[in-house]
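A.B. asks: Structure, please.
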Amino acid sequence: MSKMEIFDPAMCCSTGVCGPSVDPELTRIASAVYSLEQKGYDVSRYQLTSEPEKFAGNPVISKVLQENGPDSLPLVLLDGDVVKSGNYPTNEEMAEWFDLSAEELTKKPKVRLSLDLKSRK
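C.D. replies: Reported below is the predicted structural model:
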């Protein structure tokens, strides 16, 4: 099974999906990553501000950053190889990498709640 690692640029929080104006691209990638994780795929996402050691400790990422600077972020590795630099992958690209349909990465998660009203006092 493939492993995807996303190295995000510096953001205000771990997902970048906060503050008064949310970038829809960050929302899309967060949703796609969540969908992949729920399906059991190996996906990791690292944020430069909160996890700089992940960037410095990865020779591939360090090399790209030294050669191309921070504009190369976000960087996406698939099984240790750079597959995307400077932009997040599209849902179609991720679907191809994981042998899925792009629609599977846009489905909203279904949450089921179970309430036991009889035990409430």
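A.B. asks: And the next helix or strand past the least confident helix or strand in the chain by mean pLDDT?
C.D. replies: Lowest on mean pLDDT, DSSP states H and E among the helices and strands of the chain sits helix 24-38, with a mean of 90. Downstream of helix 24-38, the next assigned helix or strand under DSSP states H and E is strand 42-47.
A.B. asks: in that next one, what counts as buried?
C.D. replies: 43, 45-47 (16 or more other CB atoms under 10 Å). C-beta: built from backbone N, CA, C; applies to glycine.
A.B. asks: Can you add pLDDT and distance to Asn91 and give these back as a markdown table?
C.D. replies: Supplementary listing: the buried residues of strand 42-47 in a markdown table, determined by pLDDT from 0 to 100; distance: CB to CB, whole Å:
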| residue | pLDDT | distance to Asn91 |
| --- | --- | --- |
| Val43 | 96 | 13 |
| Arg45 | 94 | 16 |
| Tyr46 | 94 | 21 |
| Gln47 | 91 | 21 |
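A.B. asks: Next, count neighbours for the closest residue to Gln47 other than its chain neighbours.
C.D. replies: Spatially, and ignoring its direct neighbours in sequence, Gln47 is nearest to Asp8 (4.8 Å; CB to CB, 6 or more residues apart in numbering). Per other CB atoms under 10 Å, the neighbour tally for Asp8 reads 23.
A.B. asks: do Ser85 as well
C.D. replies: 14.
A.B. asks: So it sits against Val64, correct?
C.D. replies: Yes: using CB atoms under 8 Å, Ser85 is in contact with Val64, at 6.6 Å.
A.B. asks: Please enumerate the shared neighbours of these two.
C.D. replies: Shared contacts of Ser85 and Val64, defined by CB atoms under 8 Å, 6 or more residues apart in numbering, comprise 72, 75.
A.B. asks: Does Arg28 touch Asn91 like I think?
C.D. replies: Yes: with contact defined as CB under 8 Å, Arg28 counts as touching Asn91 (7.3 Å).
A.B. asks: Looking at the two, which is more packed in?
C.D. replies: Asn91 (20 against 15).
A.B. asks: how close does the more buried one get to Ser85?
C.D. replies: Remark: distance between Asn91 and Ser85 (CB to CB, to the nearest Å) = 18 Å.
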